[in-house]
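[1] What follows is a predicted protein model with its sequence.
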Amino acid sequence: MMNLLSETSGGIEKVSFSAQDVRNVIRDIRRRVFDSGDAECGLVFLRDLQKQSDGNFFYRMDVDEENRVRGLVWVDPHSLNAYKNFGDVMDFEVEAVDNKPPITIITDQDIALSNVIAEVMPNTNHTYYTWHISSKFPEKLSTLYTQYSEFKTDFNTCIYKSLSPTEFGGRWEDLKEKYDLENHNWLNDMYAIRR
């Protein structure tokens, strides 16, 4: 999360909180909500936070038929303000931010989710987690890794060190030619959705 915020903000020094700050807030909320053993105590805490923030703290709870907590989301005033001003990344319920659709959504490669995002938020950039795609490299590219000792280095240079679409395109064409990738279905599918 911090790396993404750093990249989208123009540097870690422009993010107004640290990873430790995030961990501290989560720790404090967990202590007050979950360590009490009483969900009602946690709800009182969330209501108090909302009152203290003049309505700038958002929370929503989802309960099942037996009134048991099924889901809980909260957004602090700083996050609400950052989203309203920048809207670069969504990691919480859109309803919490006056139904303003995000500029970008990052997900795994779930086709059904991709279709829903395209339909519900057509003006939102939808991109895939690099980590999710790269976690498939060992499985999908194992034959190439085994067959060609330089493939992994060349592939990683193309994927991670290309600084422009033009540079990436040139490196991709070189890879295809050098390693005969014209018929590699998975790589061709990934290339087709590269944007």
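    Cool, the structure landed. Here the structure is a predicted model, which is why all the values come from computation and not from measurement.
[2] what about stretch 82-98, how long is it end to end?
    13 Å (Cα to Cα, to the nearest Å).
[3] Which residues does the helix or strand where Gly170 lies contact?
    Secondary structure from DSSP states H and E places Gly170 in helix 165-179. Residues from elsewhere that reach helix 165-179 (Cβ atoms under 8 Å, 6 or more residues apart in numbering): 144, 148, 151, 154-155, 157-158, 162, 181-182, 191, 194. Bear in mind the C-beta positions are built from the backbone N, C-alpha and C, glycine included.
[4] ok, 10 Å please
    Helix 165-179 has contacts (Cβ atoms under 10 Å, 6 or more residues apart in numbering) with 144, 147-148, 150-151, 154-155, 157-159, 161-162, 164, 181-182, 184, 187-188, 191, 194-195.
[5] out of these, which are buried?
    144, 151, 154-155, 158-159, 181, 184, 187 (16 or more other Cβ atoms under 10 Å).
[6] Run the chain-centre distance for the helix or strand Ser79 falls within.
    According to DSSP H and E, Ser79 maps onto helix 77-85. Averaging C-alpha positions (Cα atoms, centre = their mean, to the nearest Å) puts helix 77-85 17 Å from its chain's average.
[7] please renumber so the chain begins at 36
    Sounds good: first residue 36 from here, last item helix 112-120.
[8] What is that helix packed up against?
    helix 74-87, strand 93-98 (3 or more Cβ pairs under 10 Å, 6 or more residues apart in numbering; DSSP states H and E).
[9] Turn those into a markdown table, columns for distance to Thr43, mean pLDDT and mean neighbour count.
    Shown next, in a markdown table, are these (distance: least, Cβ to Cβ, whole Å; pLDDT from 0 to 100; neighbours: other Cβ atoms under 10 Å):
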| stretch | distance to Thr43 | mean pLDDT | mean neighbour count |
| --- | --- | --- | --- |
| helix 74-87 | 26 | 81 | 14 |
| strand 93-98 | 22 | 82 | 15 |
